[in-house]
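Undergrad: starting from these lines, generate the structure:
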Amino acid sequence: MADPVVKLAPLSDANREEVAALAVHEHQRQYLSTPDLAGFLADAHEHPEFTPLAVVSGEEVVGFVSVGTLLEAGHWWVPLFIIDRGRQRRGFGRAALMAVVEHVRQRDPTAFTLGLGCDPANTAAMDLYRRFGFEECGFDASGEAQLWLTLE
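TA: The predicted structure follows:
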């Protein structure tokens, strides 16, 4: 089965409510370092190096991602990535990751890595990232696995 088609759209007044309403399954909330998406959105201006983006399929918001550069040139980071619980396990996560890679390549053709953190107990997410090509490169102080994708 082919992945669904998604695009990344800038966070706006038109989609902010839909983004804030995104939710994961109850058992997944323990894996989020940012369980309150509305709070994350409200504080987004405090982190201008990251761009908040809605993941859109057709006219429907199906997820959210924040992506930006780290201090070292060529390294990009995803501090938050969510696919709505009603869209999980249907290819939207993979399609959204492909859109993120394209987003990074368009903004920084010299980018060579894309990283993200994930609770290692979140096996579904870890499996998705590994299948996509991310490699585990250690853990941060909170115990989150640090995964990096080499961009070609």
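Undergrad: Val67 reaches Trp77, doesn't it?
TA: Yes - with contacts counted by Cβ atoms under 8 Å, Val67 reaches Trp77, the gap being 7.2 Å. Every C-beta, even on glycine, is put in place using the N, C-alpha and C of the backbone.
Undergrad: now do the shared contacts for the two.
TA: Common neighbours of Val67 and Trp77 (criterion: Cβ atoms under 8 Å, 6 or more residues apart in numbering): Phe50, Leu114.
Undergrad: of those two, who's got more company?
TA: More neighbours surround Val67 than the other of Val67 and Trp77, with 23 against 18 (other Cβ atoms under 10 Å).
Undergrad: got the buried residues for the least confident helix or strand in the chain by mean pLDDT?
TA: Lowest on mean pLDDT, DSSP states H and E among the helices and strands of the chain sits helix 37-42, with a mean of 81. By 16 or more other Cβ atoms under 10 Å, the buried positions in helix 37-42 come out as Leu37, Phe40, Leu41.
Undergrad: tell me the helix or strand right after it.
TA: Scanning forward in sequence from helix 37-42 by DSSP states H and E, the next helix or strand is strand 50-57.
Undergrad: which other helices and strands does that following strand contact?
TA: Contact partners of strand 50-57 among helices and strands, from 3 or more Cβ pairs under 8 Å, 6 or more residues apart in numbering; DSSP states H and E: strand 7-10, helix 16-20, strand 60-69, strand 75-83, helix 92-107.
Undergrad: what are the pairing partners of the first one, and which direction each?
TA: The reference is to strand 7-10. Here strand 7-10 is paired, per DSSP bridges, with strand 50-57 (antiparallel).
Undergrad: chain center to the partner strand: distance?
TA: A distance of 8 Å separates the centroid of the chain from that of strand 50-57, by Cα atoms, centre = their mean, to the nearest Å.
Undergrad: output that strand as PDB, restricted to C-alpha atoms.
TA: Extracted C-alpha coordinates of strand 50-57, given in PDB (Å, rounded to 0.1, in the frame of the first residue of the first chain):
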ATOM      1  CA  PHE A  50      12.400  25.900  15.100                       C
ATOM      2  CA  THR A  51       9.500  26.100  12.700                       C
ATOM      3  CA  PRO A  52       6.200  24.700  13.800                       C
ATOM      4  CA  LEU A  53       4.400  22.900  10.900                       C
ATOM      5  CA  ALA A  54       1.000  21.200  10.400                       C
ATOM      6  CA  VAL A  55       1.100  17.900   8.700                       C
ATOM      7  CA  VAL A  56      -1.800  18.100   6.200                       C
ATOM      8  CA  SER A  57      -3.500  15.400   4.100                       C
END
